[in-house]
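K.L.:
Take a look and give me a structure for this.
(2 chains)
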Number of protein chains: 2
Amino acid sequence: LHPAPVDRLINELGKLPGIGRRTAQRLAFHILRSDDAEAFALADALREVKEAIGLCERCFNLAEGDLCRICSTPSRQQSVICVVEEPQDVIPIERTGEYRGLYHVLGGALSPIDGIDPEDLKIAELVARVGDETVQEIVIATNPTTTGEATAHHIAERVRAERPGLSLTRLASGLPVGADLEHADEVTLGRAFSGRRAVV
Amino acid sequence: LHPAPVDRLINELGKLPGIGRRTAQRLAFHILRSDDAEAFALADALREVKEAIGLCERCFNLAEGDLCRICSTPSRQQSVICVVEEPQDVIPIERTGEYRGLYHVLGGALSPIDGIDPEDLKIAELVARVGDETVQEIVIATNPTTTGEATAHHIAERVRAERPGLSLTRLASGLPVGADLEHADEVTLGRAFSGRRAVV
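P.N.:
So this is what the prediction gives:
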């Protein structure tokens, strides 16, 4: 019932995650109503992001050139590597302002059910980086989920096999700041107990 | 913290209605992960829709050429014009399969508060079409909302001034099929009463 180009736009918008047919239709009609410039700016941004953005050769974070912004900053601490699942995990860590080291982006988490095995992630590449004596610590910052934990264990084993003495840490898991005990789930509360620290 | 092209994409996506910054970020990272072809297809669809789609010269529905698909179908009943607010209102009416006439898309509804006056809608164009003796009936199908009703009244007056004898109808308002009385709002139920019909 729509002219073909409108249908095409609705279909393409509907392929985006979390955008159902109704939302896609609403967005398409918004685009039809709005300025050409707005639609063209979005079209250009889509093209540009695919043409200009690749993965960092070293850490597999998003990069505009061969190396990402962090790997190309010489003042970053070269002795610590923080291992995360996805490029978007780097952002909240950078925002804390607490971390001055490097990253290693795995590109996902191990999930045999979904067919995601160690070879599908940048694990061999991490092990290769660990072979370099400059590296003094690996901070494993995969998500505190089943797949994230499995990935953390696997990485710990592989890194230990390569550099037995290397310092390996994992981000603390426990109650989020500002949360109340009453509404905490059992697993989080259990973690908060097992990870309890001496009061100083 | 993101490379500039990623930020640009997040900004452009965030301009779409109902898409906040978090959703825009999630969509951008989905696009980064997915095939180039998918992003390019969306970019092309955006360009194409703005380049190929305009408004029908006659009824102001969406059109790929000078006339929309409905105006260029000679088998449509030329004597009835159904007046709607937006191009997307044509779709559900066409889906009913009940209507075989033409349309007139106003491009919105009167709303003095939002600065939408008669001159901002295609009302003069409707009056001009009504001047043609072929037209036998105008079905007013603006939304059953405050602005839709105000628009319907205004159109009725203007059309009557132009063609005093012309048949003017309004879509029935009442209980939606499948709804129950218990949950009907008062206004809808009031309409259902005032619009009650003889049982046959």
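K.L.:
Quick one: low-confidence residue ranges for chain A.
P.N.:
A:199-200 (pLDDT under 70).
K.L.:
residue contacts, the closest residue to residue A:36 other than its chain neighbours?
P.N.:
Closest residue to residue A:36 apart from its sequence neighbours, by CB to CB, 6 or more residues apart in numbering or on different chains: residue B:50 at 4.8 Å. Where C-beta positions appear, they are placed from N, C-alpha and C, glycine not excepted. For residue B:50, the contact set (CB atoms under 8 Å, 6 or more residues apart in numbering or on different chains) comprises A:31-32, A:36, A:39-40.
K.L.:
Kindly supply the PyMOL command isolating those of these that are buried.
P.N.:
Buried residues within those, by 16 or more other CB atoms under 10 Å in any protein chain shown, are selected in PyMOL with:
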select buried, chain A and resi 31+32+39+40
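K.L.:
any chance of the contacts of residue B:50 in a markdown table, plus secondary structure?
P.N.:
As requested, the contacts of residue B:50 are exported to a markdown table (DSSP: H, G, I helix; E, B strand; the rest coil):
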| residue | secondary structure |
| --- | --- |
| A:31 | helix |
| A:32 | helix |
| A:36 | helix |
| A:39 | helix |
| A:40 | helix |
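K.L.:
Widest-spaced pair of the contacts of residue B:50?
P.N.:
A:32 and A:40 (13.5 Å; CB to CB).
K.L.:
Would you mind putting the CA coordinates of stretch A:122-136 into PDB?
P.N.:
The C-alpha atoms that make up stretch A:122-136 are tabulated as PDB, following Å, rounded to 0.1, in the frame of the first residue of the first chain:
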ATOM      1  CA  LYS A 122      40.300 -12.400  20.200                       C
ATOM      2  CA  ILE A 123      41.800 -14.800  22.900                       C
ATOM      3  CA  ALA A 124      44.800 -16.000  21.000                       C
ATOM      4  CA  GLU A 125      45.600 -12.400  20.300                       C
ATOM      5  CA  LEU A 126      45.400 -11.600  24.000                       C
ATOM      6  CA  VAL A 127      47.700 -14.500  24.900                       C
ATOM      7  CA  ALA A 128      50.200 -13.200  22.300                       C
ATOM      8  CA  ARG A 129      50.100  -9.700  23.900                       C
ATOM      9  CA  VAL A 130      50.700 -11.300  27.300                       C
ATOM     10  CA  GLY A 131      53.800 -12.900  25.900                       C
ATOM     11  CA  ASP A 132      55.400  -9.400  25.900                       C
ATOM     12  CA  GLU A 133      57.300  -8.900  29.200                       C
ATOM     13  CA  THR A 134      56.000  -5.200  29.500                       C
ATOM     14  CA  VAL A 135      52.600  -6.500  30.600                       C
ATOM     15  CA  GLN A 136      52.400  -6.700  34.400                       C
END
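K.L.:
on that earlier part again, how near is the residue nearest to residue A:36 to residue A:26?
P.N.:
Distance from residue B:50 to residue A:26, counting by CB to CB, to the nearest Å: 17 Å.
K.L.:
List phi and psi for the most centrally placed residue in chain A.
P.N.:
Central residue of chain A (CA atoms, centre = their mean): residue A:86, 2.0 Å from the mean position. Note on residue A:86: backbone dihedrals following degrees, to the nearest 10 are phi -130, psi 160.
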